[in-house]
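[1] What would the 3D arrangement of this be:
(one chain, ligands or ions: 2)
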Amino acid sequence: MKAISVLGSTGSIGTQTLQIAEEFPDQFRVVALTAGRNLSLLVQQIQRHQPELVALADPALLPVLKQHLEDLPADQRPAKAPELVAGPSGLNAAASWDTADLVVTGIVGCAGLLPTLAAIRAGKDLALANKETLIAAGPVVLPELKKSSSRLLPADSEHSAIFQCLQGTPWAENARLSTGVPTPGLRRIQLTASGGAFRDWEAADLEKATVADATRHPNWSMGRKITVDSATLMNKGLEVIEAHYLFGLDYDHIEIVIHPQSIIHSMIELADSSVLAQLGWPDMKLPILYCLSWPSRLETPWRRLDLTEVGQLTFRGPDTAKYPCMELAYAAGRAGGTMPAVLNAANEEAVAQFLDERIHFLDIPDLIETACERHKADFMDQPQLEDVLSVDQWARQAVREAVQRGTRRMTLPAVAA
Ligand code: NAD
Ligand code: MG
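    Ligands and ions are numbered 1, 2, ... in the order given. Presented below is the predicted three-dimensional model:
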């Protein structure tokens, strides 16, 4: 029985992880949960999974959660009340909780960085969904991993696909990932991308893109931030950097392929030119389950892939003119050091401003590019944790100030409406 701690339990990754725990009660036991603001869902999760520890991001909500739990009828309260904690130290406690074997990082954004480091320092295995942490702080996270016994298992579907393909190679025993060291014999990675919400839109029509349009994903049901990242294709750019840190390949050998059906979750090319792919319906439960069961596989009753039902698998190159975020990500990845942290933080802030309807969809890449350009003067090649945290704050502030000054497209009708 594997004991798991779920960070961001009320989100898309978190709820799917808990569904898996419910489906496999003999395999997994949930010992710790963390959440942001959705207390009613959190209370249901506490009732159902009876964790030992629950952590809230915001200490101000702790008394509210206590009250919710006290208000439950006696027969609906958890058999043993969980320990309740909050704030950064509370999230770190959940990430390093004594009885946990594996931590699922389902927090969105760089907010997941310190809990992820706490989990690594405590030697926990990680199911990494929270890609922003690795992207912003690769130069800090990788050396920590090297010193620790924790193993980094990718939950992102593309990186899970690559990881799964690598299991069938002669160096599979080296599947303790993410030391940033090149995987021998791995020649090329092809990350597949659905193309996001606007894949069938003409570039000129993006002028009319609204928040409602950008948060409607054709294939995957996910949190709002990553859905917007998919619409700008920044998600794929971030995944290029994630793949670089996980598998150690240089950026010239990590490619993006648009594959609208989202059936092939990514491909690897090996030294002998053989290409391996992993296929499945677009459902995050599979990559999450693989993190939890690795190196074993569990029998599931889940819908089985039928390629005759899919009919066609199609592929095309990415349109970098329509989607400038991909090139911004490649450039930040190649620069390395603190640049991916700036790219990521500027993106998080720009997406938040877009979701609040303060800027236009097309402002997002402009704001990120400006932040990355300005950061060149303060760039650091080998940042420490404090440096990453400081440039993260700087980039968010830089984007907020740029928005206050007014962006090029702010007055477009889609925003005014
Ligand atoms: P989500 O918005 O659905 O959930 C985020 C969770 O984090 C919630 O529980 C929320 O309460 C919590 N949270 C938010 N801000 C927080 C903060 N400041 N401090 C602590 N907790 C906070 O997001 P999601 O779609 O589940 O994505 C989570 C992570 O997984 C992201 O990094 C995303 O890129 C990655 N990911 C998600 C999917 C997916 O299918 N949803 C796929 C691949 C990767
Ligand atoms: Mg992905």
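
[2] The spatially closest residue to Leu249 that is not a sequence neighbour: what secondary structure?
    Distances taken as Cβ to Cβ, 6 or more residues apart in numbering put Ile189 closest to Leu249, at 5.8 Å, once the chain neighbours are dropped. For glycine as for every other residue, the C-beta is placed from the backbone atoms N, C-alpha and C. At Ile189, secondary structure determined by DSSP: H, G, I helix; E, B strand; the rest coil is strand.

[3] OK, contacts around Ile189?
    By Cβ atoms under 8 Å, 6 or more residues apart in numbering, Ile189 lies in contact with 162, 243, 247, 249, 253-255, 266-269.

[4] quick one: which of those sit in helices?
    With DSSP state H as the criterion, helices contain 162, 243, 247 from among the contacts of Ile189.

[5] I'd like to know which of the residues you listed are buried.
    162, 243, 247 (16 or more other Cβ atoms under 10 Å).

[6] Am I right that the second one is in contact with Leu249?
    Read it as Ala243. Yes: between Ala243 and Leu249 there is a contact under Cβ atoms under 8 Å: 6.8 Å.

[7] Most neighbours among the contacts of Ile189, which one?
    Using other Cβ atoms under 10 Å as the neighbour criterion, Ile162 leads these with 28 neighbours.

[8] Any idea which residue of the stretch 251-400 of the chain lies closest to ligand 1?
    Met284 (4.3 Å; Cβ to the nearest ligand atom).

[9] which residue packs closest to that residue, ignoring adjacent ones?
    Nearest to Met284 is Gln16, by Cβ to Cβ, 6+ apart, at 5.4 Å.

[10] Also Gly195?
    That would be Ile258: by Cβ to Cβ, 6+ apart, it lies 4.9 Å from Gly195.

[11] how about Val31, secondary structure?
    Here Val31 is recorded as strand under three-state DSSP.

[12] tally of neighbours for it?
    If we define neighbours as other Cβ under 10 Å, then Val31 has 22 of them.

[13] what's the answer for Val310, then?
    Val310 is flanked by 12 other residues according to other Cβ under 10 Å.

[14] ok, now Arg151?
    Here the number of neighbours of Arg151 (other Cβ under 10 Å) works out to 19.

[15] all strands of the stretch 1-150 of the chain, in order?
    2-7, 28-35, 53-56, 83-86, 102-105, 125-128 (DSSP state E, counting those that start in this stretch).

[16] Listing request: residues of the chain with sub-threshold pLDDT.
    Applying pLDDT under 70 to the chain flags the ranges 171-181, 408-417.

[17] Please identify the residues of it in proximity to ligand 1?
    8-14, 35-36, 57, 106-108, 111, 129-132, 156, 220, 222-223, 226, 284 (Cβ under 6 Å from any ligand atom).

[18] any idea which element the closest residue to Trp294 other than its chain neighbours lies in?
    Once flanking residues are discounted, Trp294 sits nearest to Leu153: 5.7 Å by Cβ to Cβ, 6+ apart. Remark: Leu153 resides in strand 152-154, with elements defined by DSSP states H and E.

[19] Noted, bye for now.
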